[in-house]
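Visitor: predicted model follows, preceded by the sequence.
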Amino acid sequence: MQARHRLIAAIDTDDRDHARALVARLASEIGGVKLGLQFFCAHGPDGVKAIMADHRLPLWLDLKFHDIPNTAALAVRAVVALQPAVLTLHASGGLAMLRACVQSVEQEAGRLAVARPRLLAVTVLTSLDQLDLLSVGQGYNIKKQVLLLSTLARDAGLDGVVCAAEDIDALRTQFPAPFLFAVPGIRPAWATANHDQKRAMTPDRAVSIGADYLIIGRPLTQAENPTDAARRTALEIAAAETGARA
Ligand code: C5P
């Protein structure tokens with residue numbers, strides 16, 4: 001895979017024109033556009049279509065579905081028509097919810113004769129650390145919690161997980177390809193802020209320990225020159241891949 005195809009830009013804004021302008025500046029340097037709750041809540045499916053109409057990049061629709069199985073399955077079904085390449089669900093919704101979503105997405109993609117979106121399970125948010133987990137009653141060590149949720153995702157038939165890059169180390173051998181690891185909380189060496197990401201890592205390190213996709217938002221979208229920031233990030237990824245092959 002070319003380095004830039006691993007780079008998924010998180011377009012977190014509710015300003016449709018700004019989103020469009022950002023994607024136009026990033027399109028030649030990235031491998032996918034991630035639209036999440038902020039954009040979707042403001043502009044809905046039509047807004048998503050408008051952003052995706054200008055280019056041929058894969059859509060990562062990061063709505064992190066989490067509800068009872070029936071409701072979650074009907075909700076994911078409703079977005080298949082947008083032809084996302086990837087949809088996200090919270091693994092903590094449980095095995096029945098995950099299975100119901102897999103089945104629902106498969107059926108709807110078949111009915112519409114479109115490619116089945118890949119489903120990724122969010123494990124432990126990269127904005128949470130061990131103390132945060134404890135405060136919501138999840139007493140396991142983070143790595144154990146990520147292992148538990150990744151196992152659940154695999155058993156339910158999902159295509160991979162979203163986790164912190166630092167969690168992959170312990171998991172990659174147990175979850176070989178084609179199981180996918182997508183990692184947010186990525187901060188290039190030149191980025192000056194971690195923002196609310198408590199478990200951040202550089203792109204080259206994340207790729208060298210086995211990340212398939214890097215989800216990067218503010219270091220690109222808030223850069224003075226987003227195109228240049230994305231290009232530099234892809235170069236960091238390429239360098240890590242070359243190092244891994246050497
Ligand atoms: O701006 P930043 O690079 O921190 O953006 C990270 C993106 O990844 C955000 O869109 C956020 O919603 C998403 N994300 C995350 N942690 C997860 C799953 C998704 O930060 N576990």
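Guide: Received it, and whenever you're ready, just let me know what you need.

Visitor: in which helix or strand would I find residue 121?
Guide: strand 118-122 (DSSP states H and E).

Visitor: distance between the helix or strand that that strand is followed by and the chain's centre?
Guide: The C-terminal neighbour of strand 118-122 among helices and strands, as given by DSSP H and E, is helix 130-135. Averaging C-alpha positions (Cα atoms, centre = their mean, to the nearest Å) puts helix 130-135 22 Å from its chain's average.

Visitor: what's the answer for stretch 124-139, then?
Guide: Using Cα atoms, centre = their mean, the offset of stretch 124-139 from its chain centre is 19 Å.

Visitor: which residues are in contact with it?
Guide: 140-142, 145-146, 149, 163-164, 167, 183-185, 196-200 (Cβ atoms under 8 Å, 6 or more residues apart in numbering). The way it works is simple: take the backbone N, C-alpha and C, and place the C-beta from them, glycine included.

Visitor: please pick the buried ones from those residues.
Guide: 142, 145-146, 149, 163-164, 167, 183-185, 197-200 (16 or more other Cβ atoms under 10 Å).

Visitor: and the ligand, which of those reach it?
Guide: 184-185, 197 (Cβ under 6 Å from any ligand atom).

Visitor: tell me the secondary structure at residue 106.
Guide: Following DSSP: H, G, I helix; E, B strand; the rest coil, we place residue 106 in the helix state.

Visitor: residue contacts, it?
Guide: residue 116.

Visitor: can you pull the pLDDT of it?
Guide: Confidence at residue 106, expressed as pLDDT, is 98.

Visitor: go on, the one 5 residues further on?
Guide: Reading off the confidence values, residue 111 has pLDDT 98.

Visitor: tell me the angle the one helix or strand it maps to makes with strand 118-122.
Guide: Using DSSP H and E, the element containing residue 111 is helix 95-112. Calculated by axes from the mean of the first three to the mean of the last three Cα atoms, to 10 degrees, helix 95-112 forms an angle of 160 degrees with strand 118-122.

Visitor: tell me how far helix 95-112 lies from the chain's centre.
Guide: For helix 95-112, the distance to the chain centre is 19 Å (Cα atoms, centre = their mean).

Visitor: what's the local residue count around the residue lying closest to residue 52 once chain neighbours are set aside?
Guide: Spatially, and ignoring its direct neighbours in sequence, residue 52 is nearest to residue 59 (5.4 Å; Cβ to Cβ, 6 or more residues apart in numbering). Using other Cβ atoms under 10 Å, residue 59 has 21 neighbouring residues.

Visitor: dig out what residue 59 forms beta bridges with.
Guide: residue 33 (DSSP bridges).

Visitor: which residues touch the helix ranked longest in the chain?
Guide: Ranked by residue count and defined by DSSP state H, the top helix of the chain is helix 226-245. With Cβ under 8 Å, 6+ apart as the test, helix 226-245 has contacts from 3-4, 6-7, 9, 22, 25-26, 28-30, 188-190, 202-205, 207-208, 214, 216, 219-220, 223.

Visitor: next, the buried residues of it.
Guide: 226-227, 229-238, 240-241.

Visitor: export the buried ones among the contacts of stretch 124-139 as TSV, with columns for pLDDT.
Guide: Below are these laid out as TSV (pLDDT from 0 to 100):
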residue	pLDDT
142	90
145	93
146	94
149	97
163	94
164	91
167	90
183	95
184	94
185	90
197	71
198	76
199	72
200	79
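
Visitor: now residue 221. Nearest residue, chain neighbours left out?
Guide: Using Cβ to Cβ, 6+ apart, the closest residue to residue 221 is residue 22 (5.6 Å).
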